[in-house]
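>>> Here is a sequence with its predicted model. Questions after.
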Amino acid sequence: MASTPPPRTFHVKSFGCQMNVYDGERMAELLTAQGMTAADERGDADLVVLNTCHIREKATEKVYSDIGRLRRDDGTSPLIAVAGCVAQAEGEEIMVRAPSVKVVVGPQAYHRLPEMVAQAAAGTRSTETDMPAEAKFAALPRRRKSGPSAFLTVQEGCDKFCTYCVVPYTRGAEISRPFADLVDEAQALVEGGAREITLLGQNVNAWAGEDARGRKVGLAELAEELAKFPELARIRYTTSHPADMTDALIEAHGSNPKLMPFLHLPVQSGNDRVLKAMNRSHTADSYLRLLERVRAVRPDIAISGDFIVGFPGETEAEFGDTLRIIDAVGYALAFSFKYSPRPGTPAATMGGHVPAEVMDERLQRLQAALNRDQLAFNHRSVGRRCSVLVERRGKREGQWLGKSPWLQSVHFIGEAAVGDLVTVDLIEAGPNSLAGTLVSA
Ligand code: SAM
Ligand code: SF4
């Protein structure tokens with residue numbers, strides 16, 4: 001491979017979950033620390049990093065078509081690096097099929113991106129898909145700048161092995177980052193302007209560590225420690241598994257005022273046979289009882305979830321149980337997906353394939369129920385006075401957009417600035433946002 005001048009500008013494009021967004025930010029910080037400059041448009045950049053997601057179908061095809069689209073009119077391409085979970089799962093094949101890709105780097109190895117890019121510019125393509133996640137965090141530069149709402153990955157990987165899911169294979173075994181490192185990164189984020197931190201992990205509530213006094217602690221104690229930063233107003237966490245909702249974490253929703261009244265707790269299905277086949281450790285009933293306990297300590301908490309329709313063998317009656325659990329919970333927000341067979345997962349070889357048109361129809365009914373409940377939740381919020389963290393300007397003159405404690409988008413008109421925490425009366429609700437009037441800045 002011929003050598004090229006080292007890239008001076010870069011563009012990182014992240015697909016998929018919030019953890020990928022976090023990884024994309026850290027890659028950008030790494031490249032900036034090397035003296036490179038971020039380009040807004042990928043067409044302008046010398047280096048393009050595609051930070052990919054492998055969770056559902058067609059992920060790999062999307063990467064190839066993205067690589068194709070990076071070809072410029074004169075036939076040349078920027079230096080292309082493929083990162084993320086597709087790189088982890090299909091890196092070797094990408095190297096063979098896409099000669100314009102010079103670097104393949106998995107989610108646990110991206111701290112090596114700068115040296116791999118330098119090698120690529122010097123003419124050597126390379127692949128790195130090792131899994132020791134701790135080395136990565138230690139090698140990343142200290143965080144400097146942050147928007148008002150920042151992500152902080154506290155835990156990576158997953159040992160739950162839900163039978164449909166590729167994450168345990170692409171992100172590896174569960175690891176928790178050390179308590180002191182997290183407090184330090186949170187401090188850097190707060191100093192860089194963050195007023196809200198969302199703690200991230202594929203199984204965030206499985207996070208476990210030791211505090212400064214050597215006590216064994218979980219997410220509740222970590223949130224308690226972060227709440228001590230006076231400038232930090234809000235703490236959130238996602239995504240949680242029902243099996244790891246500890247008593248301490250439930251209680252924290254009643255005792256830690258900075259922990260926002262919002263819980264993303266995926267159930268996936270409302271039917272116990274399907275849940276067992278998915279290797280989820282909860283039943284519909286145990287899930288509902290768990291939510292009762294959370295609501296007992298924080299009655300206004302907004303519940304969010306993930307759903308899969310058309311898991312192998314799912315019958316109409318079993319799908320009906322999912323609609324029933326939706327009615328029982330009243331979700332404020334939800335994400336729903338058609339089952340997608342992932343190579344190498346146990347469910348991919350299970351019988352009882354659900355036809356595409358049945359899945360489509362179930363997804364429509366499911367989403368109609370979820371949309372109805374989201375709108376109802378927003379309507380019930382009208383009349384509330386709440387804090388809004390201002391994130392950006394709106395389209396209209398003098399308009400600002402921000403988030404309520406329940407993670408709803410709120411717009412209002414008045415004097416404010418990005419990063420302000422203002423008080424707003426919620427006066428009107430739509431399916432995806434609310435209008436408010438500014439009470440005080
Ligand atoms: N760890 C989280 C949990 O257990 O809820 C979620 C991680 S996953 C990135 C996000 C969501 O993608 C899952 O909750 C599930 O609803 C969906 N998902 C994962 N694998 C899927 C598959 N093979 N087909 C369809 N949806 C899938
Ligand atoms: Fe995937 Fe299940 Fe782990 Fe979530 S808990 S990341 S769905 S294996």
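Alright, I've got the coordinates. Numbers count the residues shown, from 1 in each chain. Ligands and ions are numbered 1, 2, ... in the order given.
>>> Helices of the stretch 1-150 of the chain, start to end?
Counting by DSSP state H, counting those that start in this stretch, the stretch 1-150 of the chain has helices at residues 18-33, 59-69, 84-97, 113-121, 133-139.
>>> Between the ones you listed, which one is closest to residue 368.
Residue 368 lies closest, by C-beta to C-beta, to one member of those: helix 18-33, at 26.2 Å. Where you see a C-beta, it was placed from the backbone N, CA and C, and this is true even at glycine.
>>> Could you dump the helices of the stretch 1-150 of the chain into TSV and include mean pLDDT, mean neighbour count and distance to residue 261?
Converted to TSV, the helices of the stretch 1-150 of the chain look like this (pLDDT from 0 to 100; neighbours: other C-beta atoms under 10 Å; distance: least, C-beta to C-beta, whole Å):
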stretch	mean pLDDT	mean neighbour count	distance to residue 261
helix 18-33	93	19	19
helix 59-69	87	15	34
helix 84-97	90	20	31
helix 113-121	93	19	38
helix 133-139	78	16	30
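>>> Show me which residues of the stretch 151-300 of the chain are close to ligand 1?
164-165, 167, 202-203, 239, 241, 266, 268 (C-beta under 6 Å from any ligand atom).
>>> Of these, which ones also sit close to ligand 2?
165, 167, 202-203, 241.
>>> Which residues does the helix or strand of the chain with the lowest mean pLDDT contact?
Least confident helix or strand, the chain: helix 133-139 with a mean of 78, by mean pLDDT, DSSP states H and E. Under the criterion C-beta atoms under 8 Å, 6 or more residues apart in numbering, residues 108-112, 156-157, 172, 175, 177, 181 lie in contact with helix 133-139.
>>> Give the buried residues for the host helix or strand of residue 360.
Assigned by DSSP states H and E, residue 360 falls within helix 356-381. For helix 356-381, the neighbour count (16 or more other C-beta atoms under 10 Å) marks 358-359, 362-363, 366, 369-370, 373-374, 377-378, 381 as buried.
>>> What strands line up against the next helix or strand after it, and which way round?
Using DSSP H and E, the helix or strand that directly follows helix 356-381 along the chain is strand 385-393. Paired neighbours of strand 385-393 in the sheet (DSSP bridges): strand 399-403 (antiparallel), strand 421-429 (antiparallel).
>>> Now do the helix or strand following the first one and strand 385-393, the angle between them.
Elements were assigned by DSSP H and E; along the chain past strand 399-403, the next helix or strand is strand 409-413. Between strand 409-413 and strand 385-393, the angle formed by their directions is 80 degrees, by axes from the mean of the first three to the mean of the last three C-alpha atoms, to 10 degrees.
>>> What residues of stretch 263-273 count as buried?
Those would be 263-272, for stretch 263-273 by 16+ other C-beta under 10 Å.
>>> measure the closest residue to residue 6 other than its chain neighbours to residue 209 for me?
Ranked by C-beta to C-beta, 6 or more residues apart in numbering and with sequence neighbours excluded, the top spatial neighbour of residue 6 is residue 121, at 4.6 Å. According to C-beta to C-beta, to the nearest Å, residue 121 stands 39 Å off from residue 209.
>>> Residue 328 too?
Distance, residue 328 to residue 209, using C-beta to C-beta: 35 Å.
>>> And these two? Which one has more around it.
Using other C-beta atoms under 10 Å as the criterion, residue 328 and residue 209 rank with residue 209 on top: 20 against 12.
>>> what bridges to that one?
Where residue 209 sits in a bridge, its partners, by DSSP bridges, are residue 217.
>>> next one: residue 413
With DSSP bridges as the rule, residue 413 is bridged to residue 399.
>>> residues contacting it?
Going by C-beta under 8 Å, 6+ apart, residue 413 touches 396, 398-400, 438.
>>> Tell me which residues touch the residue in the stretch 201-350 of the chain positioned nearest to ligand 2, please.
As assessed by C-beta to the nearest ligand atom, ligand 2 sits closest to residue 202 within the stretch 201-350 of the chain, at 4.2 Å. By C-beta under 8 Å, 6+ apart, residue 202 lies in contact with 19, 155-158, 167, 171, 174, 239.
>>> ok, of the contacts of helix 133-139, which one's closest to ligand 1?
Set against ligand 1, the nearest of these by C-beta to the nearest ligand atom is residue 157 (10.4 Å).
>>> Thought residue 171 was touching the closest one, still the case?
Yes - with contact defined as C-beta atoms under 8 Å, residue 157 counts as touching residue 171 (4.7 Å).
>>> how long is stretch 35-44 end to end?
One end of stretch 35-44 to the other measures 17 Å (C-alpha to C-alpha, to the nearest Å).
>>> How about stretch 164-180?
34 Å.
>>> just for the stretch 51-200 of the chain, where's the confidence low?
Along the stretch 51-200 of the chain, the model assigns pLDDT under 70 to residues 132-134.
>>> Apply 50 and report the result again.
The stretch 51-200 of the chain contains no residues with pLDDT under 50.
>>> Just the strands from it, written as ranges.
Secondary structure of the stretch 51-200 of the chain by DSSP state E, counting those that start in this stretch: the strands cover 79-83, 101-105, 126-128, 149-153, 155-156, 175-176, 196-200.
>>> what sits against residue 329?
Counting by C-beta under 8 Å, 6+ apart, residue 329 touches 267, 288, 291, 303, 305.
>>> Excluding chain neighbours, what is closest to the last one?
It stands for residue 305. Nearest to residue 305 is residue 334, by C-beta to C-beta, 6+ apart, at 4.8 Å.
>>> Only alpha carbons, please: show the least confident helix or strand of the chain as CSV.
Output in CSV follows, covering the C-alpha atoms of helix 133-139 (Å, rounded to 0.1, in the frame of the first residue of the first chain):
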residue,chain,number,x,y,z
ALA,A,133,-11.3,-2.9,28.0
GLU,A,134,-9.4,-1.5,31.0
ALA,A,135,-6.3,-0.6,28.9
LYS,A,136,-8.4,1.5,26.7
PHE,A,137,-9.8,3.9,29.4
ALA,A,138,-6.4,4.4,31.0
ALA,A,139,-4.9,5.4,27.6
